[in-house]
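A.B. asks: Structural data only, the sequence is not supplied:
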């Protein structure tokens, strides 16, 4: 399971970021969210939701002796892993990276995405 | 953290900055946003206060729940208006308010006047005054871009003025993003008078939540209900331009300065569907599930290369039918020009329409107007926008707003359709009586958004209306009965919305199923821990509206100013679906009586002493 993104539909509302931080950290901080909306609100280009694609390669864990399936289920990662991701899939605040753990199988961000820019792909 | 957001008092004359907590008692009485802005404004408000004086405070206020999961994430900007000379206030969406509250602040009270152009930077609770000499003369989008570049931070949000604000055009707005505008009442001119080009904000602080698990559950339930309403679905699909079609079909529109109220089938060129070829997607303000704003691009023709966001119904009406202009591409371009200059599209349209009618009637001629002001001439409209923003020639006269009447002469004044020295908008209210009263009583002068009493246009049964409003209300929108109650009810609700940071469109605007006090109360409790019952929230709405009224009363404004343009009483609508409609003075007076009674104001529209006492407005707010 992963989250599929359709930038054409993203309205740039940031609701996904808010519920992500709320669900995992019990607070609202749009930067401490595993999904980030990249947008230039002074331009008319598309908004891009950025998050872990749950790819098979997992370059983020290169060189680490960890159990991948366990790491997939963790929300708080570190900057080094984020820097290894070629897809800019993780947001970083100071040394902490925020990784999409799919909310344990029930992604909260999808529930607030009214334009359906993000959806579940199995 | 929501309840710990602070207020910064800034004096630009001596560069002093004082940051203080917002007392919890004040929050309980006025919430935030517009409510607390009015508290700060009332402390300085006198009839003698010149809006361009350094002593006039320019107040920014984020709603109590701005930046959280609510029904929008908006803010208000408030001051004494240089346009009307009375209470000035404008509500604005976008991302600015939500970014600002992450810096731990919710209010700014800016006084004084800087010697040279500056901008303010607010970052995580600290305020810095920075040089803006290089930003002078830049349009509102370029200003924002340059500030972001200077700060090296693409996530900063900026609210700024363009050339119109710098030139103190009396109806200049304050803008953020490509389209969001605290447009009405000339607050951009106040900003210009202080040599304040912009306010930039950036925050990264956590917003702690009182009961996060139940808060999220409750929010998800509410958003689901809201998205099931026909109104929000239509809004997300077409945006506010869908209202144009309705207003045109019903005869609610301003056409050629309200000489007519519909353009009939000719309006097809301006309907929501006509905008679709230019729309490249729908966008939201921060924290809004409705996404009601178009992103547009004009690919061909005279205005090829024009890109931006919008236009909204208000601009389509104000720069379109009100001026006899049915060229949608010209209207989109004119709206974009206003946005870049920082002109309020509504007031700009109103003053241009006034001038065009004066020209039509020969009250003014080309000797003063310099160019022929023929209805519907799109090129002339664009030229006037340039001249107004630059205060060039005839534009310099129009830039004075209602004061232009001093140049145009006594005969011109009846054709400036205004209320409390503030011009009416893109609509005509001779048919919908609740709207007519709402315009007459609005605390910022002619404004349909202060009350926006629109449930009687939905054809709901009267027992449903009685249940909503707590008393009898006629289901016929051309009927006067109960409309005083309707306006009063919506004024209170909207004052609360503005003080929470919520958007009108997501509350009881055009759907009786949309959230109101009960849902607000629950969200406040779950997010902040503050318990305010639905009844207490309504009392807060009363307090805010009566507080605003006390400032108008200071200006000597009472019952005689709660009125409508002469045309509404004296000239029945000449054609179309509203043909023959006019406002009957006696029936209008009865609506006012009911309205005053419900507010606890006397027959002259002055808040009674017991009302002031009951609302705690005799205790320094």
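C.D. replies: Received the coordinates, thanks. Note that the structure is predicted; figures quoted are calculated from it, not measured. Numbers count the residues shown, from 1 in each chain, chains lettered A, B, ... in the order given.
A.B. asks: Remind me which helix or strand residue B:197 belongs to.
C.D. replies: Per DSSP states H and E: residue B:197 is located in strand B:196-202.
A.B. asks: Which is the succeeding secondary structure element to that strand?
C.D. replies: Per DSSP H and E, the first helix or strand lying C-terminal to strand B:196-202 is strand B:207-208.
A.B. asks: Direction included, what does that following strand pair up with?
C.D. replies: Strand pairing for strand B:207-208, using DSSP bridges, gives strand A:27-28 (antiparallel).
A.B. asks: So which elements touch the following helix or strand past the partner strand?
C.D. replies: The first helix or strand that comes after strand A:27-28 along the chain, using DSSP H and E, is strand A:36-38. Helices and strands touching strand A:36-38, by 3 or more CB pairs under 8 Å, 6 or more residues apart in numbering or on different chains; DSSP states H and E, are helix A:15-25, strand A:48-50. Where C-beta positions appear, they are placed from N, C-alpha and C, glycine not excepted.
A.B. asks: ok, of these, where does mean pLDDT dip lowest?
C.D. replies: Here the lowest mean pLDDT among those goes to strand A:48-50, at a mean of 93.
A.B. asks: how about the closest residue to residue B:210 other than its chain neighbours, what does it touch?
C.D. replies: Once flanking residues are discounted, residue B:210 sits nearest to residue B:529: 3.7 Å by CB to CB, 6 or more residues apart in numbering or on different chains. Under the criterion of CB atoms under 8 Å, 6 or more residues apart in numbering or on different chains, the neighbours of residue B:529 are B:3, B:210-211.
A.B. asks: So which bits of stretch B:593-610 are buried?
C.D. replies: B:594-596, B:598-601, B:605-607 (16 or more other CB atoms under 10 Å in any protein chain shown).
A.B. asks: Check the separation of the first and last residues in that stretch.
C.D. replies: End-to-end distance for stretch B:593-610, by CA to CA, to the nearest Å: 18 Å.
A.B. asks: Residues contacting it, please?
C.D. replies: B:437, B:441, B:482, B:484-485, B:487-488, B:542, B:545-546, B:549-550, B:553, B:558-559, B:562, B:592, B:611, B:614, B:617.
A.B. asks: cool, and stretch B:369-386?
C.D. replies: Contacts made with stretch B:369-386 from outside it, assessed by CB under 8 Å, 6+ apart, are listed as B:256, B:319, B:323-327, B:330, B:333-334, B:337-338, B:341, B:343, B:348, B:352, B:355-356, B:359-360, B:366, B:392-395, B:398.
A.B. asks: First-to-last residue distance for that stretch?
C.D. replies: 14 Å.
A.B. asks: Can you list the buried residues in it?
C.D. replies: Result for stretch B:369-386 [16+ other CB under 10 Å]: buried residues B:369, B:373, B:375-378, B:380-385.
A.B. asks: Give me the contacts around the strand holding residue B:197.
C.D. replies: Counting by CB under 8 Å, 6+ apart, residues outside strand B:196-202 touching it are B:12, B:58, B:60, B:96, B:99-100, B:102-103, B:108, B:110, B:114, B:117-124, B:132, B:135-136, B:143-144, B:147, B:151, B:153, B:155-161, B:166, B:191.
A.B. asks: Give me the secondary structure label for residue B:338.
C.D. replies: Of the three states, residue B:338 takes helix under DSSP: H, G, I helix; E, B strand; the rest coil.
A.B. asks: I should have written residue B:545 there, sorry.
C.D. replies: Assignment for residue B:545 (three-state DSSP): helix.
A.B. asks: That one and residue B:490 touch, don't they?
C.D. replies: No: with contact defined as CB atoms under 8 Å, residue B:545 does not count as touching residue B:490 (10.6 Å).
A.B. asks: Reduced to three states, what does the residue lying closest to residue B:454 once chain neighbours are set aside come out as?
C.D. replies: Leaving aside its sequence neighbours, residue B:454 sits nearest to residue B:510 (CB to CB, 6+ apart; 5.5 Å). What three-state DSSP gives for residue B:510 is coil.
A.B. asks: Relative to chain A, how far out is residue B:510?
C.D. replies: 18 Å (CB to the nearest CB, to the nearest Å).
A.B. asks: What about that residue, how many residues nearby?
C.D. replies: When counting by other CB atoms under 10 Å in any protein chain shown, one arrives at 20 neighbours for residue B:510.
A.B. asks: wait, what's in contact with it?
C.D. replies: B:231, B:454-455, B:458.
A.B. asks: what's the answer for residue B:246, then?
C.D. replies: For residue B:246, the contact set (CB under 8 Å, 6+ apart) comprises residue B:252.
A.B. asks: and it, what helix or strand is that in?
C.D. replies: Assigned by DSSP H and E, residue B:246 belongs to helix B:242-250.
A.B. asks: swap in residue B:519?
C.D. replies: helix B:517-528.
A.B. asks: the strands in the stretch 51-200 of chain B, which residues?
C.D. replies: In the stretch 51-200 of chain B, strands defined by DSSP state E, counting those that start in this stretch lie at B:58-62, B:75-80, B:87-92, B:105-111, B:118-123, B:126-131, B:157-160, B:174-176, B:180-182, B:196-202, listed in chain order.
A.B. asks: so how far is the last one from its chain's centroid?
C.D. replies: Put simply, strand B:196-202 sits 20 Å off its chain's centre (CA atoms, centre = their mean, to the nearest Å).
A.B. asks: angle of it against strand B:75-80?
C.D. replies: Between the axes of strand B:196-202 and strand B:75-80, defined by axes from the mean of the first three to the mean of the last three CA atoms, to 10 degrees, the angle is 150 degrees.
A.B. asks: Strand B:196-202 pairs with which strands?
C.D. replies: In the sheet, strand B:196-202 lines up with strand B:118-123 (parallel), strand B:157-160 (antiparallel) (DSSP bridges).
A.B. asks: on that earlier part again, export the buried residues of stretch B:593-610 to a markdown table and tack on distance to residue A:78, pLDDT and secondary structure?
C.D. replies: Converted to a markdown table, those look like this (distance: CB to CB, whole Å; pLDDT from 0 to 100; DSSP: H, G, I helix; E, B strand; the rest coil):
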| residue | distance to residue A:78 | pLDDT | secondary structure |
| --- | --- | --- | --- |
| B:594 | 65 | 98 | helix |
| B:595 | 62 | 98 | helix |
| B:596 | 64 | 98 | helix |
| B:598 | 60 | 98 | helix |
| B:599 | 59 | 98 | helix |
| B:600 | 60 | 98 | coil |
| B:601 | 62 | 98 | strand |
| B:605 | 64 | 98 | coil |
| B:606 | 65 | 98 | coil |
| B:607 | 60 | 98 | strand |
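A.B. asks: Point me to the residue of the stretch 401-550 of chain B nearest chain A.
C.D. replies: Closest to chain A within the stretch 401-550 of chain B is residue B:527: 8.7 Å, counting by CB to the nearest CB.
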